[in-house]
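[1] need coordinates for the below:
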Amino acid sequence: MSACSVVVVRTGAANTASVAAALRRLGAAVAVHTEKAEVERAEILVLPGVGAFGPVARRLDRLGLADVLRRRVRAGRPTLAICLGLQLLATGSEESPGAGGLGVLPATVSRFPTTVRAPQLGWNRVRARPGCRVLDGGVAYFANSYRIERVPKGWHGAVAEHGGPFVAAVERGPVLGCQFHPELSGQWGHELLERWLAVSRGRSW
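    Numbers count the residues shown, from 1 in each chain. This is a model prediction of the structure:
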């Protein structure tokens, strides 16, 4: 694969180093930015996330990135949202009442039930539903206390089980949101990122 340019958003609460390293292993030229202009013009963009919903949502808004990200996802421009990044695409979260998400997924993020351990830390099986182009079945690494319960209308998705089914990932064209960490999910995660980059560049897979 020839080099492509990928911008990773510095959210202030994310493992950007491991995300950037995974993309560079696939031949991508990676830059980490918070500048609005760089995020807006990015050919391919990654919104990573580790931490609490409210503080990161407010930081994106303060930096002027929230509207940029909304427009980007709604326009179907190549974007990958990881872990908290996926949750930020929703309208809001039980973790931070009153804090608004980007609202591009018609869903609210809720906490896992008390019948299971939270956070969920470790490997879990991912089952891709029919219609997925990028997502495939496999085993991925998760680190989350909150989740989206159902695949939103208008999106294809994959599910996993932890106290009941929940959304492991969603996709629509070159927009991909993963509750798991593909950059920490071994060969399966590497191949998923490779497919997403190919689709993002308009290549068949």
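
[2] bridging residues for the residue most central in space within the chain?
    Of all residues in the chain, the one closest to the mean position by C-alpha atoms, centre = their mean is residue 81, 2.2 Å from it. Beta bridges link residue 81 to residue 47, residue 177, judged by DSSP bridges.

[3] test my guess that it contacts residue 101.
    No. Using C-beta atoms under 8 Å, residue 81 is not in contact with residue 101; the gap is 10.8 Å. All C-beta spots, glycine's among them, are computed from the backbone N, C-alpha and C.

[4] anything in contact with each of these two?
    By C-beta atoms under 8 Å, 6 or more residues apart in numbering, residue 81 and residue 101 have these common neighbours: 88-89.

[5] phi first, then psi, for residue 107.
    Main-chain torsions, residue 107, degrees, to the nearest 10: phi -160, psi 160.

[6] wasn't residue 58 part of a helix?
    Yes. Assignment of residue 58 by DSSP: H, G, I helix; E, B strand; the rest coil places it within a helix.

[7] number of nearby residues for it?
    Neighbourhood size, residue 58 [other C-beta atoms under 10 Å]: 14.

[8] look at it and report its pLDDT.
    Looking at residue 58, its pLDDT stands at 94.

[9] tell me the contacts of it?
    Applying C-beta under 8 Å, 6+ apart to residue 58 gives the contacts residue 99.

[10] same thing with residue 159?
    Residue 159 touches 126-127, 129, 151, 165-168, counting by C-beta under 8 Å, 6+ apart.

[11] and it, what are its phi and psi?
    Main-chain torsions, residue 159, degrees, to the nearest 10: phi -120, psi 160.

[12] just residue 190 next, same as before
    When read as degrees, to the nearest 10, the backbone of residue 190 gives phi -60, psi -50.

[13] same question, the one 5 residues further on
    Backbone torsions of residue 195, given as degrees, to the nearest 10, read phi -70, psi -40.

[14] isn't it right up against residue 128?
    No. In this structure, residue 195 is not within contact of residue 128 by C-beta under 8 Å, at 11.4 Å.

[15] shared neighbours, these two?
    Shared contacts of residue 195 and residue 128, defined by C-beta under 8 Å, 6+ apart, comprise residue 136.

[16] related to what we said a few turns ago, mind listing what the residue nearest to the centre of the chain touches?
    46-49, 88-89, 176-178.

[17] switch the cut-off to 10 Å
    9, 45-49, 69, 73, 87-89, 102, 104-105, 169-170, 175-179 (C-beta atoms under 10 Å, 6 or more residues apart in numbering).

[18] ok, residue 150 next?
    Residue 150 sits next to 107, 157, 159, 165-167 when contact means C-beta under 10 Å, 6+ apart.

[19] pLDDT and distance to residue 4 added to those residues, as CSV?
    Output for the contacts of residue 150, formatted as CSV (pLDDT from 0 to 100; distance: C-beta to C-beta, whole Å):
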residue, pLDDT, distance to residue 4
107, 96, 30
157, 98, 25
159, 98, 30
165, 98, 34
166, 98, 31
167, 98, 27
